[in-house]
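S.K.: give me coordinates for this.
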Amino acid sequence: MLDLSFKNILESNFFNFLVLISFIFIFIIITKIISYVKGEKKKSEIDIIKEKLNESDNLKNESYIILEQVEEKLENSKKEAEDILKKAAQTSSEFIKKAEDEAFKKAQEIENNGEKTLLYQIQKIKNEIQKEIVVRSIKKAKENIIKKLREDNSLHQKFIDEAIEKIGEAAL
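M.R.: Residues are numbered from 1 along each chain as shown. Reported below is the predicted structural model:
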């Protein structure tokens, strides 16, 4: 007969076989789940590595672009510096030319003013000499008239009459 007691069931080979199969089945399922999770993890780690590689490639490309921009700016800076130096040289040569022109004009003005001053002084001296000549001539004439008047008294009356006649002629 079939004894279905718990002890008997546990001692039976069939039941033990079923428990063993169940444990193997559970073990296989758990192993597959673990390997699937590990595989997902590996895939996600690979994806992360790929993303990091892509990011590093992008950063490298951006770095190259920035490097090109910096090199271009450096070249432009060199050109600007050269342009500034050329403008500075041109400006300095223009400034020197203007300074020379102004100095030449000032020298000409000083020379012209010197000539004018010299001519003015010469004219002034001429006028003073003429004035002195006139003063001395008048003195000499006066002395001469006084001398002649002392020598001849009648001349005095004659000079007075001539002076009156000339005044009358001038009035008419």
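S.K.: now tell me what touches the helix or strand harbouring residue 156 from outside.
M.R.: Using DSSP states H and E, residue 156 maps to helix 154-171. Here helix 154-171 makes contact (Cβ atoms under 8 Å, 6 or more residues apart in numbering) with 145, 148-149. Every residue, glycine included, has its C-beta placed from N, CA and C.
S.K.: dump those residues to CSV, plus pLDDT, distance to residue 54 and neighbour count.
M.R.: Listed next are the contacts of helix 154-171 as CSV, based on pLDDT from 0 to 100; distance: Cβ to Cβ, whole Å; neighbours: other Cβ atoms under 10 Å:
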residue, pLDDT, distance to residue 54, neighbour count
145, 81, 131, 13
148, 82, 136, 12
149, 80, 137, 14
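S.K.: could you dump the helix holding residue 156 to PDB, C-alpha only?
M.R.: What follows is helix 154-171, C-alpha atoms only, in PDB (Å, rounded to 0.1, in the frame of the first residue of the first chain):
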ATOM      1  CA  SER A 154      69.700 197.300 -41.900                       C
ATOM      2  CA  LEU A 155      69.400 193.700 -42.800                       C
ATOM      3  CA  HIS A 156      67.100 193.200 -39.800                       C
ATOM      4  CA  GLN A 157      64.400 195.500 -41.200                       C
ATOM      5  CA  LYS A 158      64.900 193.900 -44.700                       C
ATOM      6  CA  PHE A 159      64.200 190.400 -43.200                       C
ATOM      7  CA  ILE A 160      61.100 191.600 -41.400                       C
ATOM      8  CA  ASP A 161      59.700 193.100 -44.600                       C
ATOM      9  CA  GLU A 162      60.400 190.000 -46.600                       C
ATOM     10  CA  ALA A 163      58.700 187.900 -43.900                       C
ATOM     11  CA  ILE A 164      55.600 190.100 -43.900                       C
ATOM     12  CA  GLU A 165      55.400 189.900 -47.700                       C
ATOM     13  CA  LYS A 166      55.600 186.100 -47.700                       C
ATOM     14  CA  ILE A 167      52.900 185.900 -45.000                       C
ATOM     15  CA  GLY A 168      50.700 188.100 -47.100                       C
ATOM     16  CA  GLU A 169      51.300 186.000 -50.200                       C
ATOM     17  CA  ALA A 170      50.600 182.900 -48.300                       C
ATOM     18  CA  ALA A 171      47.300 184.300 -47.000                       C
END
